[in-house]
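Q: Fold the following for me, if possible:
(chains A and B)
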Number of protein chains: 2
Amino acid sequence: MPRTAIVGAGPCGLALLHAFEQARLDGIDVGEVVCFEKQSDWGGLWNYTWRTGLDAHGDPVHGSMYRYLWSNGPKECLEFADYTFDEHFGTPIPSFPPREVLYDYIVGRAKKSGVRESIRFDTAVRGVTFDAESATFAVTTESLENRCLSTDTFDHVVVASGHFSTPHMPEYPGFQSFPGRILHSHDFRDAAEFAGKDLLILGSSYSAEDIALQTFKYGAKSVTIAYRHAPMGFGWPEGITEVPALTHLDGRTAVFADGTSRDIDAVILCTGYQHHFPFIDPYLRLTTGNNLYPDGLYKGVVWAANPKLLYLGMQDQYYTFNMFDPQAFYARDVVLGRTALPDADQMAADIAAWRSKLDAVSGVMEQIDFQTDYVRDLLTLTDYASFDLDLVRQHFVTWEHDKDESITGYRNRSFSSPCTGTVGPAPHTPWWEEMDDSLSRFLKP
Amino acid sequence: MPRTAIVGAGPCGLALLHAFEQARLDGIDVGEVVCFEKQSDWGGLWNYTWRTGLDAHGDPVHGSMYRYLWSNGPKECLEFADYTFDEHFGTPIPSFPPREVLYDYIVGRAKKSGVRESIRFDTAVRGVTFDAESATFAVTTESLENRCLSTDTFDHVVVASGHFSTPHMPEYPGFQSFPGRILHSHDFRDAAEFAGKDLLILGSSYSAEDIALQTFKYGAKSVTIAYRHAPMGFGWPEGITEVPALTHLDGRTAVFADGTSRDIDAVILCTGYQHHFPFIDPYLRLTTGNNLYPDGLYKGVVWAANPKLLYLGMQDQYYTFNMFDPQAFYARDVVLGRTALPDADQMAADIAAWRSKLDAVSGVMEQIDFQTDYVRDLLTLTDYASFDLDLVRQHFVTWEHDKDESITGYRNRSFSSPCTGTVGPAPHTPWWEEMDDSLSRFLKP
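A: Below is the predicted model:
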């Protein structure tokens, strides 16, 4: 009986458990599947915690989730094709839900699949090594409750531990003596902490954009965003400004590449994350920056150097849950031998072709098309439920235009489901005025 | 040639390197000594970093040091007997120096000893296992710069990685929804961040006492300290108050065991630290709470279950550098075979005797006497330079009285050196009014 270990019970790990369960319901022997989760509950990043830095057990906190996080893309662009929003909520809901609503949705399918008993919570994976002779992995885990280590043998290991947990934190001159708080977005929890403050945000991607908006919405006095290459260029509300790169801090004065300066109270580094897998033997570790087609992963999933090791969700992401799902179904079929892999040369050639295609990609629209093509390819390889992928692509394009039109207003727009056609109703309160991010408030008619 | 691995280049690790160097100068073959330090520089906790949570490499930040930390005990109570303050600074300095001054002093001796070349910086110890057959340890380290793992064999391992790095962070009802910052003192960096805030501090030991004072001194609007067992009971300035234990938070309202409540902006958990050695095989790990005589350590240093493994500085501490030093000299002599260890039963009996003595200890004064006796015992076992231990004990007693007399004024007092007799001059500015914690300001005549 084959044994499969899954590392992490976030959206990717849960998708894979769900995929195995679907096969089992089809009468297929899926062997033994065990998912190890170091947190006490499922949901990965979506499982909000007040903790920052280290958790109760002295391990790095997994979560980077913050309060008042509303989806920054239409929910229709991440819908599970086999568990729609309509099925979960029973009624149409607006297109940009807050965290608690999406968490409820993710967990809803996991509950329906009945996969919880396959998960060992409060259990951290400490080591993954491969024994070539037996062609199996030794997976060492630690029970965080009793600190016992144990090692089990698995035929396959699927790494689904995410790549938005270990901050990339560059240091700038003057950080050591700055008389205020410096934190990474990983440790950002509550925008209200910065009410009345003059904030400096470093970065120009989603975290910078969203944390700038959130902190300003919840009362920051001013938000200055310093970019290294180019400004995001949105129509920011008065009080949020973009400036060229930070050169250094001098006391509480931030000095920028154009020679301007500004006094600030706190610095938030929205400088991205590291793909970090300290628990895996170095020669099995995916080593990559954040891009749309990490090298070494066949179909973005199979570790080509040893196809018994698989990775889920390691791409930079426009698509999320609806990319993780076909990845998970594909991974399941590889693990179960239902999908044959080509030989090493063919896998390498396929990876090279995708990466060469990626090299030619320029700009956001082409990135969306690239990832659409990637998901389309995956969908042809699996029996995952079909959905209107072209509509999702079109939604992403519309969404990008919406953001350019109004960075504070785009979350009030409505999109149609690529699964059911249902159109999300307008929210009862425009996002920029809505201070309450609770599920009950959002679902209130 | 014996090989010794030291984990950590803080005060304990540096003391041991210094001890080996002293032996070498006496013409003794000390074998090969390698110290692994995960930080980029020496000094351990005294090596201040602006980082919190995870470091540049995704590892937990070691440091718990904060800006504006002045020694909370007289420097004469921690003086190196073989490298006095007079020798280092060339002139008498006041008795309560800020961090940078003590860091300079620690590093000063390390430089004089010329031990830097024995330290591998940016190198984290990832595994320590013992092979009974060869009676050696396999020590696996990771170079954080190139992520290479390597494993070396050592005859002895000395753990000097401290026990003030991994926070103990209990959760209280309401933490998950508290609309403000919750942090552990481990992540506390700059009191000025809390200017104008109503602060809640949980705890009743040194961190709670000092962070309450620092934050209030640097502008916190109010500081409420909640104790579980008993208040510290100092004569706090108006604006700092002690209340019974926190029962829960309700929004931003903190509710206490006596039914009173208070609205707060932030919570600082001064709830202590865990002895945490995830890099050591579980059966070799010291497992203890923070007390004056951890079980299992002969003479507070030798891991009795396997005397080739030693721990430094694992006690709760009145004495610090001047306890680490005799511990290090003793550890060195054990490693070099210059001090013979008794058999296992005798070691166990000695540990039991000390722990039984500890059980009878009650109150601060008896704790000081207990640790004085422990240091005295160590001094009889080593050739560490002698100093007036009774005077240090007396200083601790005086210091405790001084604190009771004035919690904001005790750092203006002067003490005499147990090594040189030099009396620390009065500081040029009373501590409560001194906002600048720099070395240059402190040393200004």
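
Q: contacts and neighbour counts: CA atoms only from here.
A: OK.

Q: Not counting sequence-adjacent ones, nearest residue to whichever residue of chain A sits closest to chain B?
A: As assessed by Cα to the nearest Cα, chain B sits closest to A:Gly53 within chain A, at 3.6 Å. Leaving aside its sequence neighbours, A:Gly53 sits nearest to B:Gly53 (Cα to Cα, 6 or more residues apart in numbering or on different chains; 3.6 Å).

Q: pretty sure that neighbour contacts A:Gly58?
A: No. Assessed by Cα atoms under 8 Å, B:Gly53 is found out of contact with A:Gly58, at 10.5 Å.

Q: Show me chain A divided up by domain.
A: A:3-166+A:273-393, A:181-269 (automatic domain parsing).

Q: Quick one: end-to-end length of the last one, please.
A: Read that as domain A:181-269. The first and final residues of domain A:181-269 sit 11 Å from each other (Cα to Cα, to the nearest Å).

Q: Spell out which residues of the stretch 301-445 of chain A are next to chain B.
A: By the rule Cα under 8 Å from any Cα of the partner chain, no part of the stretch 301-445 of chain A lies against chain B.

Q: what about A:Asp187, neighbour count?
A: A:Asp187 has 24 neighbours, counted by other Cα atoms under 10 Å in any protein chain shown.

Q: tell me the contacts of it?
A: A:Thr52, A:Gly53, A:Ser64, B:Gly53 (Cα atoms under 8 Å, 6 or more residues apart in numbering or on different chains).

Q: biggest separation within the residues you listed, which pair?
A: Pairwise distances across those (Cα to Cα) peak at 12.0 Å, for the pair A:Ser64 and B:Gly53.

Q: for the stretch 1-150 of chain A, what are the low-confidence residue spans?
A: Within the stretch 1-150 of chain A, not a single segment meets pLDDT under 70.

Q: where does it come near chain B, residue by residue?
A: So the stretch 1-150 of chain A meets chain B at A:49-56, A:58-60, A:148-149 (Cα under 8 Å from any Cα).

Q: one more time with 7 Å, if that's ok
A: A:Thr49, A:Trp50, A:Thr52, A:Gly53, A:Leu54, A:Ala56, A:Gly58, A:Pro60 (Cα under 7 Å from any Cα of the partner chain).

Q: Can you name the residues bridging to the last one?
A: Each beta-bridge partner of A:Pro60 is listed here, defined by DSSP bridges: A:Leu54.

Q: can you count the residues close to it?
A: 20.

Q: need the contact list for it.
A: A:Gly53, A:Leu54, B:Pro60 (Cα atoms under 7 Å, 6 or more residues apart in numbering or on different chains).

Q: what kind of secondary structure is A:Leu14 in?
A: helix (DSSP: H, G, I helix; E, B strand; the rest coil).

Q: Please apply the same query to A:Gln367.
A: Classified using three-state DSSP, A:Gln367 is helix.

Q: Can you get me a residue count around the nearest residue to it once chain neighbours are set aside?
A: Distances taken as Cα to Cα, 6+ apart place A:Val361 nearest to A:Gln367, at 6.3 Å, with adjacent residues excluded. Neighbour count for A:Val361, taken as other Cα under 10 Å: 15.

Q: before we move on, the earlier item: I'd like the contacts of A:Pro60 as CSV, with distance to A:Trp236 appended.
A: Formatted as CSV, these follow (distance: Cα to Cα, whole Å):
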residue, distance to A:Trp236
A:Gly53, 31
A:Leu54, 34
B:Pro60, 36
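
Q: The residue nearest to A:Gly53 and B:Val61 touch, don't they?
A: Yes. With contact defined as Cα atoms under 7 Å, B:Gly53 reaches B:Val61; the gap is 5.6 Å.

Q: At which residues are the helices of chain A located?
A: A:11-25, A:85-89, A:99-113, A:206-217, A:321-335, A:344-359, A:363-381, A:389-405, A:439-443 (DSSP state H).

Q: hmm, who's touching the third one?
A: The set of residues external to helix A:99-113 that reach it, using Cα under 7 Å, 6+ apart, is A:11, A:14, A:18, A:21, A:43, A:46, A:69-71, A:83, A:88, A:438-439.

Q: quick one: that helix to helix A:11-25, angle?
A: On the basis of axes from the mean of the first three to the mean of the last three Cα atoms, to 10 degrees, helix A:99-113 is oriented at 20 degrees to helix A:11-25.

Q: before we move on, the earlier item: the more surrounded of B:Gly53 and A:Gly58?
A: A direct count of neighbours by other Cα under 10 Å for B:Gly53 and A:Gly58 places B:Gly53 higher, at 24 against 21.

Q: residues in contact with the more buried one?
A: Applying Cα under 7 Å, 6+ apart, the residues near B:Gly53 are A:Thr52, A:Gly53, A:Leu54, B:Pro60, B:Val61, B:Asp187.

Q: Let me have these in JSON lines, extended by distance to A:Ile240.
A: Formatted as JSON lines, those follow (distance: Cα to Cα, whole Å):
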{"residue": "A:Thr52", "distance to A:Ile240": "26"}
{"residue": "A:Gly53", "distance to A:Ile240": "28"}
{"residue": "A:Leu54", "distance to A:Ile240": "32"}
{"residue": "B:Pro60", "distance to A:Ile240": "33"}
{"residue": "B:Val61", "distance to A:Ile240": "32"}
{"residue": "B:Asp187", "distance to A:Ile240": "28"}
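
Q: burial count for A:Asp152?
A: The number of residues packed near A:Asp152 is 13, by other Cα under 10 Å.

Q: Surely it and A:Thr136 touch.
A: No. With contacts counted by Cα under 7 Å, A:Asp152 stays clear of A:Thr136, the gap being 9.9 Å.

Q: From B:Val361, how far off is A:Ser71?
A: 57 Å.

Q: need the contact list for A:Val128.
A: A:Phe137, A:Ala138, A:Val139, A:Thr140, A:Phe279, A:Ile280, A:Asp281.

Q: Can you name the residues bridging to it?
A: A:Val139, A:Ile280.

Q: buried stuff in stretch A:289-305?
A: A:289-290, A:292-304 (16 or more other Cα atoms under 10 Å in any protein chain shown).

Q: And for stretch A:134-146?
A: A:Thr136, A:Phe137, A:Ala138, A:Val139, A:Thr140, A:Thr141, A:Glu142, A:Ser143, A:Leu144.

Q: Any idea how far that stretch is from the middle of the chain?
A: On the basis of Cα atoms, centre = their mean, to the nearest Å, stretch A:134-146 sits 25 Å off its chain's mean C-alpha point.

Q: Also stretch A:300-310?
A: On Cα atoms, centre = their mean, the centre of stretch A:300-310 falls 20 Å from the chain's centre.

Q: Check what pLDDT A:Phe194 gets.
A: pLDDT for A:Phe194: 95.

Q: residues in contact with it?
A: A:Thr215, A:Ala220.

Q: give me that answer again for 8 Å
A: By Cα under 8 Å, 6+ apart, the neighbours of A:Phe194 are A:Thr215, A:Tyr218, A:Gly219, A:Ala220.

Q: re the thing from before, which member of the contacts of A:Pro60 is positioned nearest A:Thr241?
A: A:Gly53 (29.2 Å).

Q: Need the phi and psi values for the closest one.
A: phi 80, psi -100 (degrees, to the nearest 10).

Q: Could you check how far A:Gly31 is from A:Thr4?
A: 8 Å.

Q: residues in the stretch 151-300 of chain A within reach of chain B, list them.
A: Counting by Cα under 8 Å from any Cα, the stretch 151-300 of chain A sits next to chain B at A:166-170, A:175-177, A:179-183, A:187, A:189-190, A:192-193, A:265, A:276, A:282.

Q: Mind giving me the ChimeraX command for buried ones among the residues you listed?
A: Buried residues among those (16+ other Cα under 10 Å), as a ChimeraX selection:
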select /A:166,167,168,169,175,176,179,180,181,182,183,187,189,190,192,193,265,276
